[in-house]
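A.B. asks: kindly generate the corresponding structure for this input.
(one chain, ligands or ions: 1)
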Amino acid sequence: MEKREKPILVTQPTMPDLGEFVEKLEDIWENKWLTNNGKYHQEFEDKLAKHLGVKYVSLFSNGTLALITALQTLRISGEVITTPYTFVATTHALHWNGITPVFCDIDPVYGNLDIDKIESLITPKTTAIVPVHVYGNPVEVEKLERIADTYGLKIIYDAAHAFGVEINGQSVLNYGDLSILSFHATKTFNTIEGGAIICHDEGTKKRIDFLKNFGFADETTVVAPGINAKMNELQSAYGLLQLNTIDKQIQQRKDIAYKYKEKFKGVEGISCLKDIEGVKHNYAYFPIYVNSDYTLSRDELYEKLKDHNVYGRRYFYPLISDFPTYKGLPSANRNNLQNAVKIADKVICLPIYPNLSEEEISYIVKLITNE
Ligand code: T4K
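C.D. replies: Okay, here's the model as predicted:
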């Protein structure tokens, strides 16, 4: 097949209507209130909580700072059980809090924490579990919470991929002690950069809001060693506008995911993830697994796509436990992370975003099915 001229990237951000955004900008220019809990920030927090079906949202400047602050909120220390199969920010947030990550293997299909392997990793130093809803597919939340309850551990979900995901009509963000979201440009819902912590009670919301604003409770009172992690007014106004179209965007993603699934049915060596019963998915990513019975290796297929100007991404390869910062940890031993090693070596995330055209989808599919 001929190489296309225009590249197709793994994702492309959907942006609000420019005219509507300019109206908001004119208002901000007029009022000169740019950050620190302004009116758009307040409105966005309220509307977002309603949209997501959660009690409290605290907006952040990005998902990484939201996770760092979530760990501070619950004063997590010692060892935390987490996954090596995620974006590096998950583990870095632990590192920045002086916490030792303890890597646990993942399930061989969806790539989420293997709940059955958690108990053997708990020590007297374990204080929490930080799972990731990888690609937006929910962790087995109820099973995990039984373990956390038995051992008195906190759960902070890295829900960076899980905007709008529901289990039996309930937001996935309502599980655990806290969840964090990312609104980075590459995410299902973007505010250019941005993020949030979701919590379930007013007291915790207050503590989070102190922590993200240097610990200030009022002009002269600092109640905690906080950081600066606030979302500004321009991004809050942009986020408000995104709420108008996000449901449609997720539907468009779903249509694309189903087209891919249909086309890859019966293609030897390529597997896709099935939707989980009772789950409302957000189709944030479209991972395929390139198995040993495919005509090319994963990296050969990845390079072939690139040679044709199609930029899939190997999320999440390499495993975090293989990065120099974490490689020396006892839990980084690959023998104990065999499912993670296998998935990291066979995954490619294909382009998926609302504007991906029919023609672009069939070009990508043909490269993979060798039609
Ligand atoms: N936890 C998890 C599980 C996460 O996945 C992430 C972030 C976090 C925590 C931390 O949240 P944040 O602090 O980021 O809010 C990207 C994102 O930068 C990162 O947010 C995301 N996960 C990760 C999975 O993907 P890269 O290094 O792959 O980004 P980059 O710049 O290569 O962009 C990917 C593609 O997106 C490019 O090929 C083109 C397209 N793109 C990108 C940008 C920035 C655009 O079309 N427009 C754009 O503005 O990390």
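A.B. asks: and the residue of the stretch 51-200 of the chain that's closest to the ligand?
C.D. replies: Across the stretch 51-200 of the chain, the shortest distance to the ligand (C-beta to the nearest ligand atom) belongs to residue 63, at 2.7 Å. For every residue, glycine as well, the C-beta is placed using N, CA and C.
A.B. asks: let me know the pLDDT of the closest residue to that residue other than its chain neighbours.
C.D. replies: With sequence-adjacent residues excluded and distances taken as C-beta to C-beta, 6 or more residues apart in numbering, residue 63 is closest to residue 182, at 2.9 Å. pLDDT for residue 182: 98.
A.B. asks: also residue 312?
C.D. replies: Reading off the confidence values, residue 312 has pLDDT 98.
A.B. asks: what does residue 217 give?
C.D. replies: Looking at residue 217, its pLDDT stands at 95.
A.B. asks: check contacts around the nearest residue to it once chain neighbours are set aside.
C.D. replies: With sequence-adjacent residues excluded and distances taken as C-beta to C-beta, 6+ apart, residue 217 is closest to residue 223, at 4.6 Å. Residues near residue 223 by C-beta atoms under 8 Å, 6 or more residues apart in numbering: 210, 215-217.
A.B. asks: do residue 132 as well
C.D. replies: Residues near residue 132 by C-beta under 8 Å, 6+ apart: 82-83, 85-86, 90, 112-113, 139, 157-161.
A.B. asks: now intersect the residues you listed with the strands, please.
C.D. replies: Those of the contacts of residue 132 mapping onto strands are 82, 157-158, per DSSP state E.
A.B. asks: also near the ligand: which of those, exactly?
C.D. replies: Restricting the ones in strands among the contacts of residue 132 to those within reach of the ligand (C-beta under 6 Å from any ligand atom) leaves residue 158.
A.B. asks: reformat the ones in strands among the contacts of residue 132 as TSV; add neighbour count and pLDDT.
C.D. replies: Shown next, in TSV, are the ones in strands among the contacts of residue 132 (neighbours: other C-beta atoms under 10 Å; pLDDT from 0 to 100):
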residue	neighbour count	pLDDT
82	28	98
157	27	98
158	28	98
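A.B. asks: I figured the residue nearest to residue 63 was touching residue 136, is that so?
C.D. replies: No. Between residue 182 and residue 136 there is no contact under C-beta atoms under 8 Å: 11.4 Å.
A.B. asks: who has more neighbours out of those two?
C.D. replies: Between residue 182 and residue 136, residue 182 has the larger neighbour count (other C-beta atoms under 10 Å), namely 29 against 24.
A.B. asks: domain parsing for this structure?
C.D. replies: Per the record, the chain has its domains at 8-13+246-369, 18-243, by automatic domain parsing.
A.B. asks: what's the most buried one of the ones you listed?
C.D. replies: domain 18-243 (a mean of 20; mean count of other C-beta atoms under 10 Å).
A.B. asks: what's the end-to-end length of that domain?
C.D. replies: End-to-end distance for domain 18-243: 15 Å, by C-alpha to C-alpha, to the nearest Å.
A.B. asks: which parts of the stretch 101-250 of the chain sit against the ligand?
C.D. replies: Within the stretch 101-250 of the chain, the positions near the ligand by C-beta under 6 Å from any ligand atom are 132, 158, 160-161, 182, 184-186, 195.
A.B. asks: state the pair within the residues you listed that is farthest apart.
C.D. replies: Spanning the widest gap among these are 132 and 185, at 19.4 Å by C-beta to C-beta.
A.B. asks: what about the strands in the stretch 201-350 of the chain?
C.D. replies: Ranges of strands within the stretch 201-350 of the chain are 216-218, 221-222, 270-272, 279-280, 286-290, 310-311, 347-350, based on DSSP state E, counting those that start in this stretch.
A.B. asks: tell me what the longest one is packed against?
C.D. replies: In this case it means strand 286-290. Secondary-structure packing of strand 286-290 (3 or more C-beta pairs under 8 Å, 6 or more residues apart in numbering; DSSP states H and E): helix 246-264, strand 270-272, strand 347-350.
A.B. asks: strand 286-290 and the longest one, what's the angle between them?
C.D. replies: The one in question is helix 246-264. Going by axes from the mean of the first three to the mean of the last three C-alpha atoms, to 10 degrees, helix 246-264 is angled at 20 degrees with respect to strand 286-290.
A.B. asks: related to what we said a few turns ago, please report phi then psi for the residue nearest to residue 63.
C.D. replies: The phi and psi values for residue 182, taken as degrees, to the nearest 10, are phi -120, psi 140.
A.B. asks: how about residue 357?
C.D. replies: Dihedral angles for residue 357 - degrees, to the nearest 10 - are phi -90, psi 160.
A.B. asks: relative to residue 184, how far out is it?
C.D. replies: The gap separating residue 357 from residue 184 is 24 Å, by C-beta to C-beta, to the nearest Å.
A.B. asks: what pLDDT is listed against the residue of the chain most remote from its centre?
C.D. replies: The C-alpha centroid of the chain is most remote from residue 220, which lies 36.3 Å away (C-alpha atoms, centre = their mean). Looking at residue 220, its pLDDT is 96.
A.B. asks: likewise residue 371?
C.D. replies: Note for residue 371: predicted pLDDT of 78.
A.B. asks: what about the helices in the stretch 151-300 of the chain?
C.D. replies: 202-211, 233-243, 246-264, 298-307 (DSSP state H, counting those that start in this stretch).
A.B. asks: possible to save those as JSON lines with mean pLDDT?
C.D. replies: What follows is the helices of the stretch 151-300 of the chain, written out as JSON lines (pLDDT from 0 to 100):
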{"stretch": "helix 202-211", "mean pLDDT": "98"}
{"stretch": "helix 233-243", "mean pLDDT": "98"}
{"stretch": "helix 246-264", "mean pLDDT": "98"}
{"stretch": "helix 298-307", "mean pLDDT": "98"}
